[in-house]
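>>> the sequence and its predicted three-dimensional model are supplied below.
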Amino acid sequence: MKRMAWVVLLLGAAGWGSGLGSAQTISADEIVRQVMQHDAARRQALIRYGSERTYEMDYKGPIGVRHARMQVRMDYSAPESKKFTVLSETGSTVFCHQVISRLMEGEREGALEANRLRSMLSPENDKLELLGEETYAGEKAWVLQVTPKDENRFNYKGKVWVSQQDFAIMRIVGAPAKNPTWLMGSSNFDYTYSKNGEFWLPAKNHTVSHLRIGGEITLAVDYGQYDVVAAGRPSGVISASNHGASSISSVAVALHQ
């Protein structure tokens, strides 16, 4: 019996069945606090990045069927400079100039939407629940349920996938906690992020919005390949294989006008 007790103690000291890396003991709040710390460190190291992205928007409703596609080069320089260069556009002029351009303007004025959604997640802002573990994109991930403590049109509710290796957000699937405008009936978004060296950046975005006046809008963004420059590291091209509450609001406002 004494020998068995020593074995149990040794296993415990070695971290078997306990510790921060164990899904049985780590809390959702602690996971998110670790995400916040790791994200802050990565932001400090990121000097600049750029990519050629593709925006595609489809509308089906009372006024018919509309499609728009824009290819855009976006260049970011720390701490907050963003430059957009339109490379090509096809389809509906209204969607290109009044909707997609407004989305880009919103990014230029503020943080990149997908990054903003990621960075606003916190135990102070949200009720967090650890649902379990999954293998996502070849990595082990924790899956969290997120419910905002204060519902407004700038936050969201849904599920978040967090890399167990990097404490980085890999995916966010959800909906605005509150409809951004009276025009919007319901919206759902799916952001995915890809690992670019040591950084996790938006990869794809798929958002579906239903309008109260009838019709459905689908927005898809492919963020393409990134050129990433980090402190003390040479630049490189990394392929990426991810929009939310305020972007949905921009779509609704543009359509209403």
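Thanks, I have it.

>>> so where does the nearest residue to residue 187 once chain neighbours are set aside fall, helix or strand?
Nearest residue to residue 187, sequence neighbours excluded (C-beta to C-beta, 6 or more residues apart in numbering): residue 209, at 4.2 Å. To be clear about C-beta, it is placed using only N, CA and C from the backbone, and glycine gets the same treatment. If you go by DSSP states H and E, residue 209 is part of strand 199-211.

>>> mean confidence score for that strand?
Mean pLDDT, computed over strand 199-211, is 90.

>>> now do the buried residues in the helix or strand following that strand.
Moving toward the C-terminus from strand 199-211, the next helix or strand (DSSP H and E) is strand 216-222. Within strand 216-222, the residues scored as buried using 16 or more other C-beta atoms under 10 Å are 217, 219, 220, 221, 222.

>>> any chance of CSV for these, columns distance to residue 129?
Shown next, in CSV, are the buried residues of strand 216-222 (distance: C-beta to C-beta, whole Å):
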residue, distance to residue 129
217, 31
219, 29
220, 29
221, 29
222, 31
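
>>> between the residues you listed, which sits nearest residue 84?
residue 221 (12.9 Å; C-beta to C-beta).

>>> mind listing the residues bridging to that closest one?
With DSSP bridges as the criterion, residue 221 is bridged to residue 55, residue 205.

>>> tell me the spacing between residue 211 and residue 191.
Taking C-beta to C-beta, to the nearest Å as the measure, residue 211 and residue 191 are separated by 22 Å.

>>> settle it for me: which of those two has more neighbours?
For the pair residue 211 and residue 191, the greater number of neighbours falls to residue 191 (28 against 21), based on other C-beta atoms under 10 Å.

>>> return the mean pLDDT over the longest helix seen in the chain, rounded to an integer.
Counting residues, the longest helix found in the chain (DSSP state H) is helix 28-45. Model confidence over helix 28-45, given as mean pLDDT, is 92.

>>> ok, and what's touching stretch 134-152?
In this structure, residues lying in contact with stretch 134-152 by C-beta atoms under 8 Å, 6 or more residues apart in numbering are 23, 26, 28, 31-32, 121, 125-133, 155-165, 170-171, 174, 177-178, 192, 194.

>>> so where's the stretch 1-150 of the chain shaky on pLDDT?
Filtered on pLDDT under 70, the stretch 1-150 of the chain yields the residue ranges 1-24, 106-119.

>>> the same query, at a cut-off of 90, please.
1-25, 39-40, 42-44, 46, 61-64, 76-84, 92-122, 124-125, 149-150 (pLDDT under 90).

>>> need the strands for the protein, in chain order.
Ranges of strands in the chain, per DSSP state E, are 46-61, 64-77, 81-91, 126-136, 139-148, 156-163, 169-176, 184-196, 199-211, 216-222, 225-230, 236-239.

>>> centre of the chain to the longest helix of the chain, how far?
14 Å (C-alpha atoms, centre = their mean, to the nearest Å).

>>> between it and strand 156-163, how big is the angle?
On the basis of axes from the mean of the first three to the mean of the last three C-alpha atoms, to 10 degrees, helix 28-45 is oriented at 70 degrees to strand 156-163.

>>> check which residues of helix 28-45 are buried.
28, 29, 31, 32, 34, 35, 36, 38, 39, 42.
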